[in-house]
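In: Here is my input, please return the structure:
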Amino acid sequence: MRLETKRLLLRPFEENDAGDLYEYAKDSRVGPIAGWPVHTSLENSRKIICTVFAAPNVFAVVDKASGKVIGSAGFVGGYCPELPGPSDEIGYALSPAFWGRGLMPEAVEKLMEFGFEALGLNAIWCNHYNGNQKSKRVIEKCGFYYRFSKETEVTLMNERRLTHFYALTRREWEERRP
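Out: Numbers count the residues shown, from 1 in each chain. A predicted model of the protein is given here:
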């Protein structure tokens, strides 16, 4: 499955993407604030591609202009009982070299279209940890509605954090479309 926007290609990860992934995932500004540790080696990134990023509907975010993998985005298999099912969670990360260009909202908008139209979801949700302003901004730009906040376990970082949850139902998404 491939999805395309004006500036991006969303496609399944391939093992040979490990170099591009490692390039941004070793940056301490990316993973820890999103709840995962920095990548420690090219092999570490390769392992993540073969495990975490091998899940269905998880995509490498490719910059069309350069052909470079600059991030990841996709449905991470999170069900939310407070929302009308079926539902799923969108997760994403972007290389700091590409921050501030509106690329992740562009990718998330395409994923929402895919989720509601192709996957038949009735709700899509996402969250950010307290202090992750960049992720919060993506969520706001994409029109998600704030639902609630609570302390959650951040397993990969071995800590608890205040987490803010947002969602969009199919009806809300359809009402805002032109």
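
In: For the longest helix along the chain, name the packing helices and strands.
Out: Longest helix of the chain, by residue count under DSSP state H: helix 103-113. Here helix 103-113 touches strand 3-4, strand 8-11, strand 58-63, strand 69-75, strand 87-94, strand 123-129, helix 133-141, going by 3 or more C-beta pairs under 8 Å, 6 or more residues apart in numbering; DSSP states H and E. C-beta here means a position set from N, CA and C on the backbone, and glycine is covered the same way.

In: how distant is the shortest one from the center of its chain?
Out: Here strand 3-4 is found 15 Å from its chain centre; the criterion is C-alpha atoms, centre = their mean, to the nearest Å.

In: That one pairs with which strands?
Out: As defined by DSSP bridges, the strand partners of strand 3-4 come to strand 8-11 (antiparallel).

In: now the helix or strand just after the partner strand and strand 87-94, what's the angle there?
Out: Helices and strands here follow DSSP states H and E; after strand 8-11, the next one along the chain is helix 18-25. Helix 18-25 and strand 87-94 meet at an angle of 90 degrees, taking axes from the mean of the first three to the mean of the last three C-alpha atoms, to 10 degrees as the criterion.

In: Buried residues of helix 18-25, list them for me.
Out: Within helix 18-25, the residues that qualify as buried are A18, D20, L21, Y22, E23, Y24, A25, counting by 16 or more other C-beta atoms under 10 Å.

In: Noted, bye for now.
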